[in-house]
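Engineer: give me the fold of what follows.
(chains A and B)
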Amino acid sequence: MSQLDLARLQFAMTSIYHFLFVPVTIGLGFLTALLQTAWHRTRLPEHLRLTRFFGTLLVINIAVGVVTGLVQEFQFGMDWSAYSRTVGDVFGAPLAMEGLAAFFLESTFLGLWLFGWDRLPERVHLATIWAVAVGGALSAAFIMAANSWMQHPVGYTVDAETGRPRLTDVWKLFTNPVFLRGYLHVLLASVVTGAVVMLAVSAWQLRKGRSPIAFHASARLSLVVLVPALLLAMLVGSELGVTEGKYQPMKIAGAEAQWTTCQPCSFSLFQIGGGNNDQTPTKIIAVPHLLSLLATNHWNGQVLGLNEVQSQYQAQYGPGDYVPDVFVQYWSMRVMAYLAVVVLLVALWGLWLLWRKRLTAARAFQRVAVWVVVLPFLMNTAGWLLTENGRQPWIVQGIQLTRNGVSPSITTTTVAISIVVFFLLYAALAVIEVFLMLRYARRELEPAPAEGTRTPSLTY
Amino acid sequence: MGLATFWFILTAVLWAGFFVLEGFDLGVGLLHNLVGRDEAGRRTAINTIGPLWDGNEVWLIVAAAAMFAAFPGWYATMFSAYYLVMVLILVGLILRGVSFEFRGKVDSPRWRLVWDTTLALGSLLVPFFVGVALGGLLHGVPIGQDEEFTGGFGDLFSGYAVFTGLTLLLLCLLHGACFLALRTTGEVRARARRLGRIVAPITALAVLAFLPWTHSVAGKGALPGIVQLLALLAVLAAYWLVTTRHEGWAFTATCFTIATCMLSLFADLYPHVMVSSTNPAYSLTVDGTASGSYALKVMTVVAVVLLPVVLAYQGWTYHVFRRRVSPEQFAPAAQPAAE
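Structural biologist: Okay, here's the model as predicted:
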């Protein structure tokens, strides 16, 4: 493999791994804050016990999320120095703002929340978990603004002297249509992930018959949050598809392996073949008009084929291959969408049981709900593959090709060493993380502190 | 003063802030096995920084992000030149970050031994290799005309760069010992004091050598400037205060020492951001690597508005957790909060 391949592999590995933890952090942070708020309003000891129970799971997650985020930040300079040098003027600004406005907030208030149980007045302590939740969501906003700029660059001019983009309007970064929809989609996906984790843990505990009143409450909360969040995520996701279709036609054409321009366009449920950008896969069960609808919001909308966009880009940017890996594009789209439907069906089943007041005794549902926990992680990964693979061969759409972004001074061996180091470290962390999450998710709920005593801190 | 210079100063302040705040966290990470002879003692040491370290570490993230945003050329050249050193720093940060959270999660001596070791190892890797990288900026590494690094791994370890790493490591040790003496009670406090008295003279000697060396590496002669003089006074004061057991003042003095040592390094670096050992003309400069004036303006507004807010709530955190941590809290009998 070349240095470029290895650097890409490293980026994919780091991003995917980091983004297993981020959605849990955001989603579970928000849900834990809701639980603590519920406790303040109801004073039910169950709500306090649940807050501390899910708070512990949240914190185990944040630890790994934070440390893998560091690698993400450093990597831009290490592996992609030509990219950093070229676009740092624009891309660096939201990153610096993320640190100043969001990450400081999340990290500092996490310490206050964990250790402040018996030190802070109750209302102030409640505010700290909300600060953690808001900090996490804000962090994602700045990162998404930076990433959206790579998908659809706005608010810059190219400096005549250096040929590098210069920021001219920071507001445009935060009103970028790709950002607005992409961020909302990521935020909702994170809430979905957190809710599914909470649902799975609650279902497992209910199946064991432990603290049924408390875990029924958390199961209810997760279901009530999950269904609207998932429906909205689907809606925003399809809007995002239309937006991306406008600015990155390759991405959308690739998602259907649509080589020729069509109008109206159908959406196939499966394909056989299509690897290595083979242009003649066998498509199975084509739903008429669906691709037109997804990509353009019109029943009879036109979707440009990969070949047509390719010749347009060649005319615009010079000779080269501008088609992403269509096979990855096609299937990551489907994995994300199909699994979302599965999660939705399970969630609706749970909601129905809740309405019939049969959730506590529904053994079959409880068994299924535990296993559903893996799906949001697969969906999130597929979603990022769809977004980032669809941007290839560009590192910044229309401005810089990925192959021109790598560090010129790095040898293949150097990247290989770091991939091996991080892979081993990540693998070990993954094993430990899963072990700890399972261990803590299956613990008995701690008793609530006696009335009149202060709640002890969660220390190390 | 241009905005580029302002951001250079801000970057220096962020790095200094990182070492002043995270410096004692790193020191505690290094020392927790020595000041705590049993589980209660080690937990005492770790819980002095428990609520603080995560917020402190963000200073590093913001320092790196500020370099990326304000000086993309600097960030690009430095991080790719120091690739393998960065890997070591990241490994250290990862090990440290998870150690805090993981070590108390399983009640087994072997499990805790693993995380005590990784915590100490991570706390060793970070200050030493960050020191090597920062020292190397001033000493110079091979950089070609195209601003790209042309050397190999060995070129990063000049005598001065390694000594900068060692000095920072010693400063973190002393800083951590002072913090532990200030924030604990009983046996842990006594041992922290004793360790402080052992480390203080070595650290003072290191700083005494580091300051003129920095000045002469920068080609400004061995005579100290004003920042160096302040650093010199601070480290001597720290040494004296540690031996006379003025805990609060000793900690103040180590804060001041670290801040002035970092600032002296950056002051001697200016107007360069990275010196080329190939040809002085190829050195990267503040103006040459800075972002456009609009980007700098936007970020200046953001930093000027937000940094005081951050300082305020971080300061408040220190106020909330100002009480000493005592080993009795973690004695096996009284462990209601143990996770």
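Engineer: from the chain's centroid, how far away is stretch A:286-293?
Structural biologist: Counting by C-alpha atoms, centre = their mean, to the nearest Å, stretch A:286-293 is centred 27 Å from the centre of its parent chain.
Engineer: pull that stretch out as CSV, backbone CA atoms only.
Structural biologist: Extracted in CSV, the C-alpha atoms of stretch A:286-293 (Å, rounded to 0.1, in the frame of the first residue of the first chain):
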residue,chain,number,x,y,z
ALA,A,286,-36.5,-1.3,-8.3
VAL,A,287,-38.9,1.0,-6.7
PRO,A,288,-40.0,3.5,-9.3
HIS,A,289,-39.6,7.2,-8.7
LEU,A,290,-38.0,6.7,-5.3
LEU,A,291,-34.5,7.8,-6.2
SER,A,292,-35.9,10.9,-7.9
LEU,A,293,-37.8,11.7,-4.8
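Engineer: can you give me the strands for chain B?
Structural biologist: In chain B, the strands defined using DSSP state E lie at B:272-274, B:284-285.
Engineer: most tightly surrounded among these?
Structural biologist: Among the strands of chain B, strand B:272-274 has the highest mean neighbour count (mean count of other C-beta atoms under 10 Å in any protein chain shown), at a mean of 24. All C-beta atoms are positioned from the backbone trio N, CA, C, and that covers glycine.
Engineer: between the strands of chain B, which one is closest to chain A.
Structural biologist: Closest of these to chain A is strand B:284-285, at 10.8 Å (criterion: C-beta to the nearest C-beta).
Engineer: you'd agree A:N389 is up against A:S332?
Structural biologist: Yes. Using C-beta atoms under 8 Å, A:N389 is in contact with A:S332, at 6.8 Å.
Engineer: so between those two, which is more surrounded?
Structural biologist: A:S332 (24 against 19; other C-beta atoms under 10 Å in any protein chain shown).
Engineer: report the secondary structure state of that one.
Structural biologist: A:S332 falls in the helix class when you classify it by DSSP: H, G, I helix; E, B strand; the rest coil.
Engineer: and stretch B:278-287, is it in reach of chain A?
Structural biologist: No. Contact of stretch B:278-287 with chain A (C-beta under 8 Å from any C-beta of the partner chain) is absent, the minimum separation being 10.8 Å.
Engineer: which residues does that stretch contact?
Structural biologist: Applying C-beta atoms under 8 Å, 6 or more residues apart in numbering or on different chains, the contact partners of stretch B:278-287 are B:2, B:4-5, B:8, B:71, B:73-74, B:77, B:140, B:142-145, B:147, B:150, B:270-276.
Engineer: please indicate which of those residues are buried?
Structural biologist: B:4, B:8, B:71, B:73-74, B:77, B:140, B:142-143, B:147, B:150, B:272-276 (16 or more other C-beta atoms under 10 Å in any protein chain shown).
Engineer: what does the stretch 101-250 of chain B have sitting close to chain A?
Structural biologist: B:101-106, B:146-150.
Engineer: among those, who's most crowded?
Structural biologist: Most neighbours among those, by other C-beta under 10 Å: B:F149, with 27 neighbours.
Engineer: quick check: that residue touching B:G136?
Structural biologist: No. With contact defined as C-beta under 8 Å, B:F149 does not count as touching B:G136 (10.6 Å).
Engineer: and the lowest-mean-pLDDT helix or strand in chain A, what does it pack against?
Structural biologist: Least confident helix or strand, chain A: strand A:282-287 with a mean of 85, by mean pLDDT, DSSP states H and E. Packing contacts for strand A:282-287, counted by 3 or more C-beta pairs under 8 Å, 6 or more residues apart in numbering or on different chains; DSSP states H and E, involve strand A:267-272.
Engineer: pLDDT on the strand it packs on, on average?
Structural biologist: For strand A:267-272, the per-residue pLDDT values average out at 88.
Engineer: what residues sit buried inside that strand?
Structural biologist: For strand A:267-272, by 16+ other C-beta under 10 Å, it's A:267-268, A:271.
Engineer: which stretches in the stretch 1-150 of chain B count as helices?
Structural biologist: Assigned helices in the stretch 1-150 of chain B, in chain order: B:3-35, B:39-49, B:53-70, B:72-81, B:83-103, B:109-139 (criterion: DSSP state H, counting those that start in this stretch).
Engineer: need the winner for burial among the ones you listed.
Structural biologist: Per-stretch averages of neighbours, counted by mean count of other C-beta under 10 Å, single out helix B:72-81 among those, with a mean of 28.
Engineer: how far away is the closest residue to A:V343 other than its chain neighbours from chain B?
Structural biologist: Distances taken as C-beta to C-beta, 6 or more residues apart in numbering or on different chains put A:L375 closest to A:V343, at 5.3 Å, once the chain neighbours are dropped. Note on A:L375: its distance to chain B, by C-beta to the nearest C-beta, to the nearest Å, is 26 Å.
Engineer: give me the element A:L375 is part of.
Structural biologist: In the assignment (DSSP states H and E), A:L375 maps to helix A:374-389.
Engineer: other SSEs contacting that helix?
Structural biologist: Against helix A:374-389 (3+ C-beta pairs under 8 Å, 6+ apart) you get helix A:3-42, helix A:177-207, helix A:249-255, helix A:326-355.
Engineer: buried sites along the first one?
Structural biologist: This means helix A:3-42. Buried-residue list, helix A:3-42, by 16+ other C-beta under 10 Å: A:3-4, A:6-8, A:10-11, A:14-36, A:38-39.
Engineer: and the angle for the helix or strand following that helix with helix B:83-103?
Structural biologist: Sequence order places helix A:45-79 as the next helix or strand after helix A:3-42, per DSSP H and E. Taking axes from the mean of the first three to the mean of the last three C-alpha atoms, to 10 degrees, one finds that helix A:45-79 is oriented at 170 degrees with respect to helix B:83-103.
Engineer: immediately after helix A:45-79, which helix or strand?
Structural biologist: Note on helix A:45-79: by DSSP H and E, the next helix or strand toward the C-terminus is helix A:81-97.
Engineer: hey, C-alpha coordinates of that following helix in CSV?
Structural biologist: Presented in CSV, the C-alpha positions along helix A:81-97 are these (Å, rounded to 0.1, in the frame of the first residue of the first chain):
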residue,chain,number,x,y,z
SER,A,81,0.0,18.4,6.3
ALA,A,82,-0.5,19.6,2.7
TYR,A,83,-4.2,19.8,3.4
SER,A,84,-3.7,21.6,6.7
ARG,A,85,-1.3,24.1,5.1
THR,A,86,-3.7,24.8,2.2
VAL,A,87,-7.0,25.1,4.1
GLY,A,88,-6.1,25.8,7.7
ASP,A,89,-7.2,29.4,7.2
VAL,A,90,-10.8,28.3,6.8
PHE,A,91,-10.9,24.8,8.3
GLY,A,92,-8.9,25.6,11.5
ALA,A,93,-11.2,28.4,12.7
PRO,A,94,-14.2,26.1,13.6
LEU,A,95,-11.7,23.7,15.2
ALA,A,96,-10.3,26.4,17.4
MET,A,97,-13.8,27.6,18.3
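Engineer: many thanks, we can stop here.
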